[in-house]
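1. predicted model follows, preceded by the sequence.
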Amino acid sequence: MLLMWVGFIAFVCLLLALDLGVFNKTEHAPSVKEALAFTAMTAALAVAFGGFIYEGYANHWAGLGTALDAVDGQYNGGRLAAVKFFTGYIVEMSLSMDNVFVIALIFEHLKVPSTLQHRVLFWGVLGALVMRGVMIGGGAALVARWHWVFYLFGAFLIVTAIKMLFAKEQEESPEEATIVRWLNSHFRVAKRFHGRHFVITEHGKKVITPLFVALVLVETTDLLFAVDSIPAIFAITTDAFLVFTSNVFAILCLRSLYFGLAGMIEKFRYLKVSLALILAFVGTKMIFADWLTEQLGERQNLIMLGVVASILAIGAVASLLVAPPPHKAGK
């Protein structure tokens with residue numbers, strides 16, 4: 001099993017090295033066409049990896065699929081593991097879409113040049129992989145040892161969904177303002193950007209740049225969103241390898257899609273409603289997991305995949321077809 005983890009992490013590092021060292025060797029703002037092309041590539045890789053998951057779990061390569069999944073009490077064969085992988089991938093993609101909008105606001109507030117935004121997102125991906133790896137490892141250990149944690153996660157997701165539905169929109173979150181104040185009070189912060197540098201030396205002293213402040217805010221934002229998305233994916237499977245790999249592909253896809261999606265995200269007015277419904281659905285599924293397993297068996301995974309995809313599709317279509325209220329039409 002260790003061989004699979006090492007191989008996958010090496011594969012991701014290779015993708016990131018190609019991203020920074022080949023495709024984005026010079027600082028520039030990726031065009032929508034470039035962003036969509038790279039997104040298509042990462043999505044294709046995710047589909048191909050789903051085929052690898054199918055074969056690997058069907059043949060139990062390096063011990064894959066030999067541990068009992070606490071969600072449904074089954075051993076993950078090839079077909080079941082692939083369904084869980086793609087369900088986790090779609091759930092993570094959907095719950096992280098709001099993150100794209102928040103990152104766009106951070107870049108707007110800090111006036112991060114478009115040519116430097118990719119650099120922040122690149123290093124943000126590395127930080128996200130480490131943080132999510134730790135959270136997934138801890139979460140998998142919890143749910144494997146104490147089954148009642150499922151109910152706790154489920155209740156948390158439902159409460160989060162209710163808060164998301166009724167929360168008022170803010171241009172700047174309290175967390176963002178707090179972190180910026182803390183950085184300014186504990187570090188010397190440069191007044192302007194210094195190219196691609198996160199830290200510079202001024203008068204013999206180390207000084208962090210606004211680019212570093214943006215990176216800290218992006219990492220913090222990802223951590224806050226992971227608090228919702230990580231429990232959600234444990235409603236699908238407790239197999240840490242499936243959880244981590246589906247998370248990684250979703251993060252890579254969304255970060256590459258940023259430059260194509262950030263400018264359009266406001267047009268999807270029902271995105272927040274869709275995300276809240278997905279959280280509520282996943283939370284309810286966690287609470288009634290045992291009953292659903294008895295009633296639906298393996299079919300529950302395909303049903304869950306269909307419901308999540310349908311909620312996203314309905315939200316997107318409604319955003320495009322339903323006209324905004326008159327007082328918002330000019331925005």
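-> Alright, I've got the coordinates.
2. who are the contact partners of Thr87?
-> The neighbourhood of Thr87, defined by Cβ atoms under 8 Å, 6 or more residues apart in numbering, consists of Ile236, Ser246, Asn301, Met304, Leu305, Val308. For glycine as for every other residue, the C-beta is placed from the backbone atoms N, C-alpha and C.
3. shouldn't Gly139 be in contact with Phe234?
-> Yes. Contact criterion Cβ atoms under 8 Å: Gly139 and Phe234 qualify, at 5.9 Å.
4. who's more crowded, these two?
-> Neighbour count, other Cβ atoms under 10 Å: between Gly139 and Phe234, Phe234 has more, with 27 against 20.
5. returning to what we had before: overlap in contacts, Gly139 and Phe234.
-> Residues touching both Gly139 and Phe234 (Cβ under 8 Å, 6+ apart): Val243.
6. before we move on, the earlier item: as CSV, the contacts of Thr87 with secondary structure would be great.
-> Output for the contacts of Thr87, formatted as CSV (DSSP: H, G, I helix; E, B strand; the rest coil):
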residue, secondary structure
Ile236, coil
Ser246, helix
Asn301, helix
Met304, helix
Leu305, helix
Val308, helix
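7. top of those residues by neighbour count?
-> Using other Cβ under 10 Å as the neighbour test, these are led by Ile236, with 31 neighbours.
8. phi first, then psi, for it.
-> Ile236 adopts backbone torsions of phi -100, psi -50, taken as degrees, to the nearest 10.
9. quick one: it and Ile200, what's the gap?
-> 45 Å (Cβ to Cβ, to the nearest Å).
10. what's the answer for Leu18, then?
-> 28 Å.
11. now the host helix or strand of Gly50: average pLDDT?
-> Gly50 belongs to helix 32-58 when assigned by DSSP states H and E. For helix 32-58, mean pLDDT rounds to 91.
12. buried set for it?
-> Going by neighbour count (16 or more other Cβ atoms under 10 Å), the buried part of helix 32-58 is 34-36, 38-39, 42-43, 46, 49-50, 52-54, 56-58.
13. could you do stretch 204-220 as well?
-> Using 16+ other Cβ under 10 Å as the test for burial, stretch 204-220 gives 207-220.
14. need those in a markdown table (columns: pLDDT, distance to Lys267 and secondary structure).
-> What follows is the buried residues of stretch 204-220, written out as a markdown table (pLDDT from 0 to 100; distance: Cβ to Cβ, whole Å; DSSP: H, G, I helix; E, B strand; the rest coil):
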| residue | pLDDT | distance to Lys267 | secondary structure |
| --- | --- | --- | --- |
| Val207 | 95 | 39 | strand |
| Ile208 | 96 | 35 | strand |
| Thr209 | 95 | 33 | coil |
| Pro210 | 94 | 29 | helix |
| Leu211 | 95 | 29 | helix |
| Phe212 | 95 | 32 | helix |
| Val213 | 94 | 29 | helix |
| Ala214 | 93 | 25 | helix |
| Leu215 | 94 | 28 | helix |
| Val216 | 94 | 29 | helix |
| Leu217 | 92 | 24 | helix |
| Val218 | 91 | 23 | helix |
| Glu219 | 92 | 27 | helix |
| Thr220 | 89 | 26 | helix |
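15. state the pair within those residues that is farthest apart.
-> Put simply, by Cβ to Cβ the two of those set farthest apart are Val207 and Thr220, 20.7 Å from each other.
16. and the residue in the chain sticking out farthest from the centre, how far from Lys111?
-> Relative to the C-alpha centroid of the chain, counting by Cα atoms, centre = their mean, His203 is the outermost residue, at 40.1 Å. To Lys111, His203 is 25 Å away according to Cβ to Cβ.
17. ok, and what's touching stretch 196-211?
-> With Cβ under 8 Å, 6+ apart as the test, stretch 196-211 has contacts from 27, 110-112, 116, 119-120, 183, 187-190, 192-194, 212, 215.
18. out of the residues you listed, list just those in helices.
-> Within the contacts of stretch 196-211, residues falling in helices by DSSP state H are Leu110, Leu116, Arg119, Val120, Leu183, Phe212, Leu215.
19. if you rank those by neighbours, which is first?
-> With neighbours taken as other Cβ under 10 Å, the top of the ones in helices among the contacts of stretch 196-211 is Val120, carrying 25 neighbours.
20. per-residue pLDDT, that residue?
-> On the pLDDT scale, Val120 is placed at 92.
21. let me see the contact set for it.
-> Contact analysis of Val120 by Cβ under 8 Å, 6+ apart lists Phe107, Val112, Leu211, Ala214, Leu215, Val218.
22. so where do the strands sit in the stretch 51-200 of the chain?
-> For the stretch 51-200 of the chain, strands defined by DSSP state E, counting those that start in this stretch occupy the ranges 68-69, 74-75, 199-202.
23. what's the weakest-modelled helix or strand in the protein?
-> The helix or strand of the chain with the lowest confidence, counting by mean pLDDT, DSSP states H and E, is helix 174-186 at a mean of 82.
24. give the other helices and strands that it contacts.
-> Here helix 174-186 touches helix 210-233, going by 3 or more Cβ pairs under 8 Å, 6 or more residues apart in numbering; DSSP states H and E.
25. need the CA coordinates for the helix it packs on. CSV is fine.
-> Extracted C-alpha coordinates of helix 210-233, given in CSV (Å, rounded to 0.1, in the frame of the first residue of the first chain):
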residue,chain,number,x,y,z
PRO,A,210,2.0,41.4,-0.1
LEU,A,211,2.3,38.2,-2.3
PHE,A,212,3.1,36.2,0.9
VAL,A,213,0.1,37.8,2.6
ALA,A,214,-2.0,36.6,-0.3
LEU,A,215,-0.5,33.1,-0.1
VAL,A,216,-1.3,32.9,3.7
LEU,A,217,-4.9,34.0,3.0
VAL,A,218,-5.4,31.4,0.2
GLU,A,219,-4.0,28.6,2.4
THR,A,220,-6.3,29.7,5.3
THR,A,221,-9.3,29.8,3.0
ASP,A,222,-8.5,26.3,1.7
LEU,A,223,-8.3,25.0,5.3
LEU,A,224,-11.6,26.5,6.2
PHE,A,225,-13.3,25.0,3.1
ALA,A,226,-11.6,21.6,3.9
VAL,A,227,-13.4,21.6,7.2
ASP,A,228,-16.6,21.1,5.3
SER,A,229,-15.5,19.0,2.3
ILE,A,230,-13.3,16.5,4.2
PRO,A,231,-16.2,15.3,6.5
ALA,A,232,-18.5,15.2,3.4
ILE,A,233,-16.3,12.8,1.5
